[in-house]
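J.: I would like to see how this sequence folds:
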Amino acid sequence: MDEVARTDSADVRELHVGDMDNVAYLITCRSSGSQVLVDAAAEPERLLDLVRAGSPDGSTTLATVITTHRHHDHVGALAAVVEATGAHTAAGEDDADHLPVTVDRRLTHGEAVIVGGVRLDVVHLRGHTPGSVALVLRDAHGPDHVFTGDSLFPGGVGNTFGSAENFRSLVADVEERLFGSLDDDTVVHPGHGAPTTIGAERPHLPEWRERGW
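T.: Model prediction:
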């Protein structure tokens, strides 16, 4: 597990888990110690170790688990982590009924999840799944950070499984709701693999449209 970012309000740690190189992110409020886990994807014991690593007292105290989308490789450890920590759950409204736990909060575009002194702005990105969400962590003194699930990666948007309609929807949302509102130095933390930046990906949007994936 690695600390990958330090903002004015939070520390961000990541852990690669499972057979598909899923990345789970732990966001720890520096002032309160409250913690948010983004995508309890797999390997619950390792995720609990991640929670302990971020906790000021080494406990498994976890306020919320946010799931970026419904796919099985992003929810494999969700039930176990929630049971072990008592965390609340949140997911995009249109994916919430497809998760293996009861979702306490159904997220919609433009709202925010606030835990301690940490604010995560919710961005609904339609196409990879109907209820996929990204989460924006602002930083007054450095680059912002966005956790994109499977909606944006280095080199393109997420898989839309051959649906031209879903591809157009996802590209349009990424262009308007991410590229249109985030600075070039914003760090993109995807659901698999390595990070990138908005500035590195923005110039390639026409290429993605041309190739259709």
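J.: And the residue nearest the centre of the chain, how far from residue 113?
T.: Residue closest to the mean C-alpha point of the chain, counted by CA atoms, centre = their mean, is residue 147 at 3.7 Å. For residue 147, the distance to residue 113 (CB to CB, to the nearest Å) stands at 11 Å. The way it works is simple: take the backbone N, C-alpha and C, and place the C-beta from them, glycine included.
J.: Name the residues contacting each of the two.
T.: Common neighbours of residue 147 and residue 113, using CB atoms under 8 Å, 6 or more residues apart in numbering, are 120, 135.
J.: Tell me which residues of stretch 41-58 come out buried.
T.: 41, 42, 43, 44, 47, 48, 50, 51, 52, 54, 55 (16 or more other CB atoms under 10 Å).
J.: farthest pair in the residues you listed?
T.: Using CB to CB, the two most remote members of the buried residues of stretch 41-58 are 42 and 55, lying 20.8 Å apart.
J.: circling back to that earlier point, out of the buried residues of stretch 41-58, who's nearest residue 98?
T.: In terms of CB to CB, no member of the buried residues of stretch 41-58 lies closer to residue 98 than residue 41, at 15.2 Å.
J.: on that earlier part again, inside helices: which ones of the buried residues of stretch 41-58?
T.: 44, 47, 48, 50, 51, 52, 54 (DSSP state H).
J.: Would you convert those into TSV that also reports distance to residue 143 and pLDDT?
T.: What follows is those, written out as TSV (distance: CB to CB, whole Å; pLDDT from 0 to 100):
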residue	distance to residue 143	pLDDT
44	31	98
47	26	98
48	29	98
50	23	98
51	25	98
52	28	97
54	21	96
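J.: of the residues you listed, closest to residue 97?
T.: Checking these one by one against residue 97 (CB to CB), the nearest turns out to be residue 44, at 22.4 Å.
J.: residues in contact with that closest one?
T.: 77, 80, 81, 84.
J.: Can you add pLDDT and neighbour count and give the residues you listed back as a markdown table?
T.: Below are these laid out as a markdown table (pLDDT from 0 to 100; neighbours: other CB atoms under 10 Å):
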| residue | pLDDT | neighbour count |
| --- | --- | --- |
| 77 | 98 | 26 |
| 80 | 98 | 18 |
| 81 | 98 | 26 |
| 84 | 98 | 16 |
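J.: What is the most widely separated pair among these?
T.: So, those by CB to CB: farthest apart are 77 and 84, at 9.7 Å.
J.: The helix-or-strand element of the chain with minimal mean pLDDT pairs with which strands, parallel or anti?
T.: Counting by mean pLDDT, DSSP states H and E, the chain has its least confident helix or strand at strand 2-6, which shows a mean of 88. Looking at strand 2-6 with DSSP bridges, its partner strands are strand 10-17 (antiparallel).
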